[in-house]
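J.: Got a predicted structure here, sequence first:
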Amino acid sequence: MSEPHLSARTYLFTWIALVVLSALTLLLSVAPLGPFHVPVALLIAGTKGVLIVLFFMHLVEQRSVNRVAVIFWLLLLLILISLTAADVATRSLDLRPPVSG
Amino acid sequence: MSTTTTPPASPGTRRIDYLNVETTIRSWLTTTDHKRIGILFLIMTTAALALGGVFALLLRLELLTPGGTFMDAMSYNRLFTLHGVVMVWLFLIPSIPGAFGNFLLPLMLGARDVAFPRLNLASVYIYAIGAVVVLAGAVLGGADTGWTFYPPYSTHTPTAVVPVLLGVFILGISSTITGLNFIVTTHTLRTEGMTWLRIPLFVWAVYATSIILVIATPVLGMTLLLIILDHAFRLGIFDPALGGDPILFQHLFWFYSHPAVYIMILPAMGVMSETVSAFAHKNIFSYNAIVIATLGIAFVGFLTWGHHMFTAGMSVFDSGAFGILSMFVAIFSAIKVFTWVSTLYKGSIALDAPMLYFFGFLFLFSFGGMTGVAVASMSLDVYWHDTYFVVAHFHFIMVGGSMMGFLAALHYWFPKMFGRMFPARSSTVAAVLVITGFILTFTPQFWLGNAGMPRRYYSYPDRFQTLNVISTVGSWAITAGLVLIGAYLLYALRWGARSGPNPWGSLGFEWNTPSPPPPHNYEEPPVITHQPHEYWRTAE
Amino acid sequence: MSAAWAFQRATDGGGAWDDFLNALNAFYRRALTLPPQASTIARDIDGLHYFEITIMFAAAGLIAVVALYFVVRYRRRPGRDPTPRIVAPHWFEMVLYAGLLGLFVLFWVIGFRQYIDLSAPPDSAVDVYVTAKQWMWEFAYPEGPASAGVLYVPAGRPVRLHLTSRDVIHSFFVPDFRIKRDAVPGMYTTAWFQANAPGTHQILCTEMCGVGHSQMLARVVVLRPADFETFLLRRAPAATPTSGRDATPNAPPARGAPLAVIGRAAAARHGCLGCHSIDGTRRTGPSWLGLFGSTQLMADGERIRVTPAYITESMMDPQRRIVAGYPPVMPSFMGQISPAETAAIIEYMRSLADGIPDAEATRP
Amino acid sequence: MADATLHLRDHYEDLAKQTHAARLGMWVFIGSEALLFAALFALYAAYRIAYPASFRAAAAHTNLFLGTAMTFVLITSSLLMANAVLSARLARPGRSVGFLAGTAGLGIIFLGLKAVEYTEHFRDGIFPGAFYAFARLPAPGARVFFTLYYFMTGLHALHVAGGVVLLAWLARRAHRGGFTPEYHTPLELGGMYWHFVDVVWIFLWPLFYLLR
Ligand code: HEA
Ligand code: HEA
Ligand code: CUA
Ligand SMILES: [Cu+2]
């Protein structure tokens, strides 16, 4: 009853991709990216995470409900982080209407 | 393990059910039968209700006079903290899911047990350990922070917050396990023909609750751990003296605790959906609407936590965002209320005890929920925040809503669980007592809040006394009702009339088994061909 | 459109319509046990309150009546079973829920507008510095006077409160003004109000802060504007501050500027910036860049964290503790700097805490 | 011995369904774990916005070399772990044990590096919370950075340590022939856990070492 599964080659390629991406972030961390340092680093980290989840953790070969579960918890994780950070980021924002009577 | 199916004894002797299959204490303490685990949770959470209720009575007694009545300020502060902690984490969150969810989920889905029975047993013990730790903390001096544990007060108070926090942390693990179990059960153990749109609404409610449990609880756990680390080892991350920002604690706390209020109401809503169909003998007016609203609450409920922080110093932008999102979540509850009322239309309504609680719920939850919308209106919350208006709001929902749901469930499924009926007359009297007592206790608190009385006040200005006295007297009526319920249910356990398999003539799937159900629920997996509660079919 | 706007207009001018609104206001206020409306914003907020509560009673009444009718009409009787199959017509559900959502959004729009009003003080406001600590309220004015337990404000003028706390979170609540704001240690929050008329109003603490929480009461005394001026003069300390306002590079900031900006001006005015740089360079005294919240080594080997308390001490009694590597030359500013200015300077230092130079101040 | 039905519990219809349940349960559990870390990530985001300069300065004081080494150690361990599961699927329990041992070994190396790093910081007076006494970065933002650093990497290291124990147990079971191509659910779930811990580190690495 053995299911179809990923091969050793896929794993090896995944690993190579991870190594390359890690080296890339390392290089980019000294590049003059200005304000884009954080988003770029997080984007690369995110890509690496997705690779691991899909291949090492076999999400590609599993039932779609598992994919939905992963997407759902990712979404909530982002909500938690962004709405909390948004508070600190916008504390000095002035929302007064331009001319207040 | 309960795989040892005892062969039925010779005909004429008692039918084997989950209660009499084995009767030793040991068999109860090592059981992996979801029904027995449900009963264990029922016993423990009811005890928690009684304990929290005693704390509440003491609170109300103290508030009889403006100054000190019979205790000092410190004791009062500890009492309302314990009242909140016990009611929320020991009673309300585990009650309906732990007791009725465990008992009913497999029965309703046509399964023989939950997905992970041993984990399920573990959750009972973890709950018990957590409860013991909380109570030990109470004995060691208790916490005086309120159930919200805001730093820097919670990290500086000399009281025993650490054990209380630790206990809550442990209770969180228990509810996460319960949630995990229910999610997987719903996905994998549905019997043949049980498509997603045939799942009983109570299961949907518990399923949505479970999603909230597994996602929100870890955040609470982490947050409480950070407070523990600060209090015990001065490793403060929220401490302004160390560069921290105490408002961030509030964000993390409410990221859990707002969804947690839906953990507390969704199961009760599920009970109501079942109750109203069963006692009006009527199909639910719109099954899909209830399902959508249930999932909608579970999801949008995660986006509204900031409405507890409108005066806290949060940015105006964030406040506005949380304000509008709170309005969105309310619409889903409105959908449910409307659907329940419409279900009554052309029904065949029997006013048994569960149905009385349904009406109590309908009215009190609606009103409490609407006052929720009022406090979510941002400028009004600036006025009402941390006044008795908020206390009234959440007791309307948590007592008038969730506790009524608990009581309805208790009465509706009592025959299912024990095969016996409770005395009808007493149950009516008790329901009326509880509901009127409730109104008497908590309606005055809206006025108190309007008049500007802050909550967590040991003493208060004289002008608030009259309303406080009324509220205290009301709490005695609730108590009378609840004690009466306790008394006749205990009586019925032993001496109640035999109920037969389905005393209410309900078409819920759980009634397809005998009452009380046999150890393995179904001999053969049932095949489901339609939604539950399709009463029009009884004509065919 | 909404009751809230109507109420806003009703306060000024006569006319039958306004009389009606005033009567309505009086009725609702009594029925809902609301306290007096003693600030300019109170009546608007109550207007929204009446509007929502009316709709809620209507909705609750409707639910109760319909449910009751169904119970009576469809109670279980022989022949009632089986019940017919009835499912919701979709268009009806849609219209109902869209309408409700529209209503909720309307609540939000009004509430949020008022909330913005509540959080945006007019520029002309009188500033008061409010410090909460277990279990009392202290008030200080830029002009010098300070008081504990009683907040004196003028009638008819906006008053802006800069709130902070010395220990745990407290919350400043004046029911009669319909305002409430947390006083959080480590930061300044603001609230404002404009009292309508002279009188006295209660202040309560609404954030759990320990055994004295319910005793943490104080009063707002609203004075006639003239009396308020007298109060300021009478309470001002003898040694009047400010030496050579003209000598400073920065003009005094307009009222309504953030506290840190006020602090920068005060620091310049009192000559702090002559000895203390704000860009990290070392002058007579240590630079303020990144100073706040840091831990400094004292001449006697002690390590001290730069907290508001320590900064205050450094200003009033600089010789008490000397930073290692610096001469003990800093003069005492006791009696020369008002508590309000102290708060503002501290706030300014806090704005430099992260080590980012103050771009505006260093501009030539 | 390799009778798969031995592992079938009586409330499931068949093993496929039971395996599916186990995997789904694991994903749900990992979701919970992710949210546990998310609370700390949210704090990191908020404080980074509040103290941008201090955070950059402080990140320059963590050991980039060690951090990078740890990254490569963990991703390589993940490769080994994936192969351990694969070997079980291909009915080669011996190789499975070897891969597991390798994975656990790398986990231990990771913890060793972490210990070296912590010791270094302690020497500089970098402690969390009230004990922070790093003379070169006295600003409050740096204190917050390092407190978070200890909480997040510490929690992560606890997870790695737990993972190593788990791997040892799995290796023992594999060694005794406990896993077959048909039934190796514990091994697979253990692997998922290990990979998840790796993913967490993949985010910690830039946040604490790279973004200077
Ligand atoms: C089971 C628990 C529960 C539930 C379900 C809710 C539901 C809601 N709550 Fe409540 N809440 C609490 C428990 C709960 N709450 C607790 C414990 C606190 C205090 C915490 C503390 O500080 O200690 C609190 C506090 C609280 C606050 C903060 C108050 C403050 O401290 O300043 C706010 C603010 O927005 C709020 C809003 C809401 C809203 C909008 C809903 C909505 O989900 C309600 C939706 C329901 C309805 C709207 C009713 C049905 C609809 C109709 C009948 C249609 C007609 C409706 C209208 C015309 C309006 N709640
Ligand atoms: C589920 C939640 C829940 C429930 C059910 C209740 C129930 C009650 N609560 Fe509580 N309450 C909270 C949750 C709850 N509360 C929370 C979260 C707070 C905030 C705490 C904080 O500020 O931090 C609070 C705060 C709070 C306050 C405000 C304290 C303050 O701010 O100073 C008051 C005051 O009146 C109060 C009163 C009551 C009363 C009279 C009841 C009554 O309804 C209780 C009636 C129940 C009984 C009397 C038990 C009797 C039962 C039995 C004897 C068992 C029978 C036996 C069997 C069935 C076998 N509560
Ligand atoms: Cu100060 Cu409560
Ligand atoms: Cu909420």
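T.: Cool, got the structure. This is a predicted model, so every value here is computed, not measured. Numbering: from 1, shown residues only, chains lettered A, B, ... in the order given. Ligands and ions are numbered 1, 2, ... in the order given.

J.: contacting residues around C:Leu223?
T.: Applying Cβ atoms under 8 Å, 6 or more residues apart in numbering or on different chains to C:Leu223 gives the contacts C:152-155, C:198, C:231. Using the backbone N, CA and C atoms, a C-beta is placed for each residue, glycine as well.

J.: export the residues you listed to a markdown table and tack on neighbour count?
T.: Listed next are the contacts of C:Leu223 as a markdown table, based on neighbours: other Cβ atoms under 10 Å in any protein chain shown:
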| residue | neighbour count |
| --- | --- |
| C:Tyr152 | 20 |
| C:Val153 | 24 |
| C:Pro154 | 21 |
| C:Ala155 | 18 |
| C:Pro198 | 16 |
| C:Phe231 | 19 |
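
J.: give me the subset of those residues touching ligand 2.
T.: Among the contacts of C:Leu223, none lies close to ligand 2 by the criterion of Cβ under 6 Å from any ligand atom.

J.: Can you tell me which of the residues you listed comes closest to D:Phe203?
T.: C:Val153 (50.8 Å; Cβ to Cβ).

J.: Apart from its neighbours in sequence, what residue is nearest the closest one?
T.: Nearest residue to C:Val153, sequence neighbours excluded (Cβ to Cβ, 6 or more residues apart in numbering or on different chains): C:Val159, at 4.6 Å.

J.: and if you look at B:Ala122?
T.: B:Ala122 sits nearest to B:Ile177 (Cβ to Cβ, 6+ apart), 6.5 Å away.

J.: Show me how far the strand or helix carrying the one you found is from its chain's centre.
T.: With elements taken from DSSP states H and E, the one containing B:Ile177 is helix B:161-188. On the basis of Cα atoms, centre = their mean, to the nearest Å, helix B:161-188 sits 14 Å off its chain's mean C-alpha point.

J.: Helix B:161-188 and the following helix or strand past that helix, what's the angle between them?
T.: On the C-terminal side of helix B:161-188, the nearest following helix or strand under DSSP H and E is helix B:201-233. Angle, helix B:201-233 to helix B:161-188, by axes from the mean of the first three to the mean of the last three Cα atoms, to 10 degrees: 150 degrees.

J.: circling back: inside strands: which ones of the contacts of C:Leu223?
T.: Among the contacts of C:Leu223, the ones falling in strands (DSSP state E) are C:152-154.

J.: Looking at these, spot the one nearest A:Arg63.
T.: Distance to A:Arg63, by Cβ to Cβ, is smallest for C:Val153 among the ones in strands among the contacts of C:Leu223, at 66.2 Å.

J.: mind listing what the closest one touches?
T.: Taking Cβ under 8 Å, 6+ apart, one finds C:126, C:128, C:159, C:195, C:220-223, C:228 in contact with C:Val153.

J.: Of all pairs in the residues you listed, which one spans the longest distance?
T.: Counting by Cβ to Cβ, the most remote pair of these is C:Val126 and C:Val221, 13.9 Å apart.

J.: Mind checking which of the two has more residues around it?
T.: Neighbour count, other Cβ atoms under 10 Å in any protein chain shown: between C:Val126 and C:Val221, C:Val126 has more, with 21 against 17.

J.: Now the residue nearest to C:Val153: which helix or strand?
T.: strand C:158-165.

J.: centre of the chain versus that strand, how much separation?
T.: Distance, centroid of strand C:158-165 to centroid of chain: 5 Å (Cα atoms, centre = their mean).

J.: before we move on, what SS does whichever residue of the stretch 1-150 of chain B sits closest to chain A have?
T.: Of all residues in the stretch 1-150 of chain B, the one sitting closest to chain A is B:Ala115 (13.5 Å; Cβ to the nearest Cβ). Classification of B:Ala115 by DSSP: H, G, I helix; E, B strand; the rest coil places it in coil.

J.: Retrieve the pLDDT associated with the spatially closest residue to B:Ala260 that is not a sequence neighbour.
T.: Computed as Cβ to Cβ, 6+ apart, the closest residue to B:Ala260 that is not its neighbour in sequence is B:Ala216, at 6.3 Å. pLDDT recorded at B:Ala216 is 95.

J.: for D:Tyr150, same thing?
T.: 96.

J.: Going along the chain, name the helices of chain A.
T.: Ranges of helices within chain A are A:8-28, A:37-51, A:64-89, based on DSSP state H.

J.: So for the second one, what gets flagged as buried?
T.: Residues of helix A:37-51 classed as buried: A:37-38, A:40-41, A:44-45, A:47-49, A:51 (neighbour count, 16 or more other Cβ atoms under 10 Å in any protein chain shown).

J.: Just checking, which of these comes out lowest on pLDDT?
T.: Within these, pLDDT is lowest for A:His37, at 87.

J.: Tell me where chain D has helices.
T.: D:15-50, D:52-59, D:64-89, D:93-123, D:140-175, D:185-205.

J.: Who are the contact partners of B:Val434?
T.: B:360, B:404, B:407, B:477-478, B:481-482, B:485.

J.: for B:Phe302, same thing?
T.: A:76, A:79, B:212, B:215-216, B:255, B:258-259 are the contacts of B:Phe302 under Cβ under 8 Å, 6+ apart.

J.: so how far is chain D from it?
T.: 11 Å (Cβ to the nearest Cβ, to the nearest Å).

J.: can you tell if stretch B:366-374 touches chain C?
T.: Yes - using Cβ under 8 Å from any Cβ of the partner chain, stretch B:366-374 comes into contact with chain C via B:366-367, B:370-371, B:373-374.
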